[in-house]
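> give me coordinates for this.
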Amino acid sequence: MPKIAEVEYTPNPNARKFVLKEPLTWGIARSFDNAGAAGGDPLAAALFDIEHVTNVYYVDHWITVTQDGLAPWDELLRELAVPIREAAAADAATEHMVAAAAVARTDMDAATLERLDRINALLDDQIRPYLQNDGGNLEVIDLTDTQLTVHYQGACGSCPSSTSGTLSAIENIVRTIEPELEVVAV
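Got it, this is the predicted structure:
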């Protein structure tokens, strides 16, 4: 049962980040854009049962919950704390999930995988730490010859600055290694 160490504001006024004393996972990010997607995840399902919750994202020692903007945060935070505190902390089963997620992508040729590795290393170094600090993350969905498709997670998913300034910054950084690449958020 994770204990909440603190609750942090994010740049997205409709999202809050809960920092936990115990981890929920060991390196596996869980992202849910709606209640239907959360069916197999007890924590996410319990959070979506709370009125106004629109997104749940968690990894390791933190969880970000986004609301529709219609609930006062002081009341909603008290409701959200209950299922978060009741959630199971990470255990050996999570280690199995980490191993399963480490399977290499086989739908890309070696050259594309190498490009993807370089891009992910750059994102890991210059973008993801800042997004994670703000209660979100960035997942690379696809890479073609001229387009990188990304998906914002957590607080970043509905943050106004993600679709403009952050996306432009990502594109500028990625273009330092692939000048013709266009970045598209889905």
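
> what's around Leu123, how many residues?
For Leu123, the count of nearby residues is 21 (other Cβ atoms under 10 Å). For every residue, glycine as well, the C-beta is placed using N, CA and C.

> just Asp142 next, same as before
Per other Cβ under 10 Å, the neighbour tally for Asp142 reads 15.

> now do the strands in this structure.
4-9, 15-20, 30-32, 53-59, 62-67, 136-143, 147-154, 182-185 (DSSP state E).

> okay if I get these as CSV plus distance to Leu77 and mean pLDDT?
CSV is the format used below for the strands of the chain (distance: least, Cβ to Cβ, whole Å; pLDDT from 0 to 100):
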stretch, distance to Leu77, mean pLDDT
strand 4-9, 6, 96
strand 15-20, 7, 96
strand 30-32, 19, 92
strand 53-59, 12, 95
strand 62-67, 9, 96
strand 136-143, 18, 89
strand 147-154, 16, 89
strand 182-185, 28, 90
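
> let's have these in TSV, adding distance to Gly39.
Formatted as TSV, the strands of the chain follow (distance: least, Cβ to Cβ, whole Å):
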stretch	distance to Gly39
strand 4-9	25
strand 15-20	22
strand 30-32	9
strand 53-59	12
strand 62-67	17
strand 136-143	20
strand 147-154	18
strand 182-185	25
